[in-house]
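Colleague: need coordinates for the below:
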Amino acid sequence: MSFAYLIRHGQASASAEDYDQLSPLGFEQSERLRAILQGKSFDRILFGPRRRHRQTLKQAQSPNWPEPERVEWLDEFPAKELMDYGAPILMQREPHLRPIIESFWGQVGVVGEEYAEILQILCDEWITDNISPPEIIRGSQYLNNIQEGMRDLAKDLREQKRVALFTSAGTISCMMGKLLNADIKTSFRSAWSMYNCSITTVRHFRDAPMLVSFNAIEHITPSSRTFI
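Modeller: Residues are numbered from 1 along each chain as shown. Below is the predicted model:
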C-alpha cells in the first residue's frame, strides 16, 4: 500500500535568537519519532530546507532508508519576515492592536499568545495576497509551490511508493487544505494546533491522495508535547 507520512519538525528554539534549530526537547521528541518509524520502509525521504527539518530527520533516520532528498517546496512560510514587514502596517491600520504589538516589538526570541495572535492575523492577510512584502515569497506563490510538490507526491503514491516528508506546520496545513478542498485561511490556521513531531498520514485511494490521519502524537509523552 502506498502512503505518505507528513512529519512536523521537533520543537525549535523559540526563545533563542536563532529559532531555526532544535531545542533539547526537540531532539528528545525526534528520538521518540525514530522509535515509532523504526522498522518502516520508505521508497523516498524528503526534507525541507530549514535546519530544524534536517535535524529532525537525522534524529529519526533509520539505516535502511534511502538517501534523503532536500526539496524547497517543503519550506515553512516566512514568519519572521512577515512579522517585521506587517506589524508596523497593522499598528497604523488598526490602532487597537498597537499595545499588543508594542508589548513584544523589538525583543529577541519572542513567544507567547500576543505574538501568535498578531502573526495569525498577518498570515491570513499574506496567504490571500492582501499583503505582499517585497523581499519574501507571495502567499499565492507559496501555495503554488506546495501544489506543484503535491503533484509529484501524488505520482509517487500512484506508483505505490511510500514516502516520508520532514517539514513544518504551515506546509502540512496547506497540504491538508488542498486534499480536503478547504478554505485556505481555515486550513492554514490549523498550523497553530499542530504538535511538534506529529505525523499526518496520506494514502492513495481511487486515483487520488486522501487524508487518513492528522496530527498523530501518541509517540510523544503528554509532558513532552509542544506546539512551537
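Colleague: which parts of this protein are helices?
Modeller: When assigned using DSSP state H, the helices of the chain occupy the ranges 24-37, 51-60, 79-93, 98-102, 113-127, 139-158, 169-180, 184-189.
Colleague: dump those helices to CSV, plus distance to Thr200 and mean neighbour count.
Modeller: Placement of C-beta: from N, CA and C, glycine included. Shown next, in CSV, are the helices of the chain (distance: least, Cβ to Cβ, whole Å; neighbours: other Cβ atoms under 10 Å):
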stretch, distance to Thr200, mean neighbour count
helix 24-37, 13, 18
helix 51-60, 14, 22
helix 79-93, 20, 16
helix 98-102, 31, 15
helix 113-127, 19, 18
helix 139-158, 13, 17
helix 169-180, 6, 22
helix 184-189, 12, 18
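Colleague: which one of those helices lies nearest to Val71?
Modeller: Val71 lies closest to helix 139-158 among those, at 6.6 Å (Cβ to Cβ).
Colleague: coming back round to it: could I get the helices of the chain as JSON lines with distance to Glu67?
Modeller: Converted to JSON lines, the helices of the chain look like this (distance: least, Cβ to Cβ, whole Å):
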{"stretch": "helix 24-37", "distance to Glu67": "16"}
{"stretch": "helix 51-60", "distance to Glu67": "11"}
{"stretch": "helix 79-93", "distance to Glu67": "30"}
{"stretch": "helix 98-102", "distance to Glu67": "44"}
{"stretch": "helix 113-127", "distance to Glu67": "33"}
{"stretch": "helix 139-158", "distance to Glu67": "15"}
{"stretch": "helix 169-180", "distance to Glu67": "21"}
{"stretch": "helix 184-189", "distance to Glu67": "32"}
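Colleague: export those to TSV and tack on distance to Leu6 and mean pLDDT?
Modeller: Shown next, in TSV, are those (distance: least, Cβ to Cβ, whole Å; pLDDT from 0 to 100):
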stretch	distance to Leu6	mean pLDDT
helix 24-37	13	93
helix 51-60	12	96
helix 79-93	19	89
helix 98-102	32	87
helix 113-127	18	89
helix 139-158	9	95
helix 169-180	5	94
helix 184-189	13	90
